[in-house]
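Q: Sequence first, predicted coordinates after that:
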Amino acid sequence: MENRPEKIPVSKIFSNVRYEVPIYQRNYAWDTVQIEQLIEDIDNSQEDYFLGNLIVNQRDFDHFEVIDGQQRLTTLYLLERYLGISFSEKALQFEAREKANGTLKALSNLDQLEEKFHSDEIKLGFKIIEDYFEKTGLKNRKEEFIQRLDRVNLIRIQVPDKIDLNHYFEIMNTRGEQLEIHEIAKANFLSKLISEKDKLIANDIWEYCSNMDSYIQMNYPQEKRDKIFNSSWSALSDHTVNFDSLKSYYHDTKEFDGRLSLSEIILKGKVGKASQDNQYKDTENERFESIISFPDFLLQVNAALNSANSEDDSSLDDKNFLKTLENNWENEASAKKFLFTLLKARVIFDKYVLKREYLRDYKETGKWSLQSLEKYSDRGGDKPRYVRTFSGGEDKRNQQIRALQSALRITYTSPKTMHWISLILSSYLNDANSDMLGILEDYAQSKIDASGYQKAKGFTFERIVFSYLDYLLYRDGYSYNGQEIVKPLADDWHFQFRSSIEHFYPQYPAEWPKWDDNDLNCFGNLALITVSGNSTFSNATPIGKASTHPAIIEQSLKLRIMAEMMKQNDNNWNQDLAQKHQIEMFEVLGKDSN
């Protein structure tokens, strides 16, 4: 049998074929970001678009074992089933996973799915697809989207006959030495630098900045940390003013003896990865998690450097990565300027942009963190500690800014839409005393005003409307009939990753009468919650949702208010309350509008 790679249109990938995911493969695990990105890639595709590889082992004429690519393949299966494309229900099966197979079979009627055939991961994946088509309006142009599947291709690659599949799978999941795209950019930057000393300095900046999950100060070895940063480690020192000023901190000629070639610096040098102080390295890397990757950070710095704070997503799209950055390595001066800006921007990013922190009670789930690194000294020497970025007595500014940033983070989940980050970077690169709170509130309010929320209904409401409303309720508090329902800047509430629009009075009530469209899809009957929360609520009555799942109610301050309004109305949620709530929430959204 000749094992040639096959280019197969996605529209035909499940035609007259059966794929089986072997038991040694992990469960389906794609989340909102990955699923929505796949749909966006298809929707924005041009002719003959390549979506990725599918590595298989052919067991029979029409029977393939999936070796690599099952996450994408499963998502495509869910997507095509949602779109109503006809193919066999057995086109995709999971070996020895009864719940997964039962859920795939019941996709058209998930609400009636028996518990023994219930796979949460697959059910949520299908729900994410449904929600995305609703909220973006793709639901109204399904036929156009289906036609796009004809020009989007997978490359199906058959592994050689009689291969040891366990060994092959291990190889497929082991990272090789292939250059990543940001390392290619690094090579371009370093190629413009003339002296070995400059190349070493640039390599240090690049490698230390690339470790996004710890503060940049702690990535530098202490002898350079004490010189490059100020006495408290909280900012660059007054003497660190440009790329060339860093030369005075590199005195040991053994560090740049001229024998270090460019290829060695790129592929072997990687000085920064191993230089972090051993007593801090493990705890630093485990404690914090950046909200963006290093390649995305490079694009953010480029946007900030060029004041590209418009809503042009192409400036932050990694599909144009090298082309977007290439002007910065035009010559030695431009390369040095960008590299030093990269270092400055990392200090700003770590101090002024929130992270996820995993510590104590939040070691498993993580919490939002907006903290600045400072040095403190004891008998054991100099050590890092983390304090609120915006501090001072009873001032809750840090808490407020952290809440606002987390509202933006959970709303704009794709890195190419996170323009608020480059807005922060450009503001602080130009003015160390920038008013971040005012800048971000103005940005968010402009998105609210542009959304046309007053005329929207149902799934046409943009997610920022729900997220920013909850921020305003969190900021100012809210009372109903003289009772304080939301306390201003309450410490016990935070934003979760929410993307699913919930109808408090259900769309398809099992026993109660169905509401008319104007009331059902008005803003007063809607809230934004997690996909899993929406799935749990299903078609339950409002009182059933509030009494049985209070933790889901607490995901949204707006939903908390709705539940309290219902409680004060003898546990009856009706059309009049929904319309009243819409009027009141629109007033909250409009009071800061220009």
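A: Yep, it's here.

Q: now do the same end-to-end measure for stretch 492-511.
A: 36 Å (C-alpha to C-alpha, to the nearest Å).

Q: if you average pLDDT over that stretch, what comes out?
A: Taken as a whole, stretch 492-511 has an average pLDDT of 91.

Q: which of the residues in that stretch are buried?
A: For stretch 492-511, a neighbour-count test (16 or more other C-beta atoms under 10 Å) marks 493, 495, 498-506, 509 as buried. For every residue, glycine as well, the C-beta is placed using N, CA and C.

Q: List just the nearest of the residues you listed to residue 155.
A: Residue 155 lies nearest to residue 499 out of those, by C-beta to C-beta, at 30.7 Å.

Q: Distance check, the nearest residue to the closest one once chain neighbours are set aside against residue 448.
A: Excluding the flanking residues, the one nearest residue 499 by C-beta to C-beta, 6 or more residues apart in numbering is residue 32, at 5.1 Å. Distance of residue 32 to residue 448, given as C-beta to C-beta, to the nearest Å: 22 Å.

Q: circling back to that earlier point, pull up the gap between the residue nearest to residue 499 and residue 574, please.
A: For residue 32, the distance to residue 574 equals 32 Å [C-beta to C-beta].

Q: do the same with residue 131
A: 26 Å.

Q: Neighbour count for these two, which is higher?
A: residue 131 (19 against 14; other C-beta atoms under 10 Å).

Q: Quick one: residues contacting the residue nearest to the more buried one when sequence neighbours are not counted.
A: Leaving aside its chain neighbours, residue 131 sits nearest to residue 500 (5.1 Å; criterion: C-beta to C-beta, 6+ apart). Residue 500 makes contact with 127-128, 131, 528-531, 533-534 under the criterion C-beta atoms under 8 Å, 6 or more residues apart in numbering.

Q: Please repeat the previous calculation with a cut-off of 6 Å.
A: Going by C-beta atoms under 6 Å, 6 or more residues apart in numbering, residue 500 touches 131, 529, 531, 534.

Q: Quick check: phi and psi on it?
A: The phi/psi pair for residue 500 (degrees, to the nearest 10) reads phi -110, psi 130.

Q: In the beta-sheet assignment, what are the partners of it?
A: Residue 500 has the following beta-bridge partners by DSSP bridges: residue 529.

Q: and it, how far is that from residue 410?
A: From residue 500 to residue 410 the distance is 12 Å (C-beta to C-beta).

Q: cool, residue 77 as well?
A: Distance of residue 77 to residue 410, computed by C-beta to C-beta: 28 Å.

Q: who has more neighbours, these two?
A: Per other C-beta under 10 Å, whichever of residue 77 and residue 410 has more neighbours is residue 77, with 24 against 21.

Q: Work out for me the element the more buried one sits within.
A: Using DSSP states H and E, the element containing residue 77 is helix 70-83.

Q: Could I get the average pLDDT for that helix?
A: 94.

Q: Would you check the distance separating it from the middle of the chain?
A: Helix 70-83 sits 21 Å away from the centroid of its parent chain (C-alpha atoms, centre = their mean, to the nearest Å).

Q: where are the low-confidence patches of the stretch 51-200 of the chain?
A: 110-117, 161-179 (pLDDT under 70).

Q: quick one, strands of it?
A: Secondary structure of the stretch 51-200 of the chain (DSSP state E, counting those that start in this stretch): strands at 63-68, 92-94, 152-158.

Q: and the longest one, what does it pack onto?
A: With contacts defined as 3 or more C-beta pairs under 6 Å, 6 or more residues apart in numbering; DSSP states H and E, the secondary structure elements packing on strand 152-158 are strand 6-9, strand 49-60.

Q: In a markdown table, list these along with distance to residue 70 and mean neighbour count.
A: Below are these laid out as a markdown table (distance: least, C-beta to C-beta, whole Å; neighbours: other C-beta atoms under 10 Å):
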| stretch | distance to residue 70 | mean neighbour count |
| --- | --- | --- |
| strand 6-9 | 16 | 14 |
| strand 49-60 | 9 | 16 |
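
Q: Turn those strands into JSON lines, columns for distance to residue 239.
A: Output for the helices and strands packed on strand 152-158, formatted as JSON lines (distance: least, C-beta to C-beta, whole Å):
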{"stretch": "strand 6-9", "distance to residue 239": "58"}
{"stretch": "strand 49-60", "distance to residue 239": "49"}
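
Q: Let me see the mean pLDDT of stretch 381-390.
A: In this model, stretch 381-390 carries a mean pLDDT of 93.
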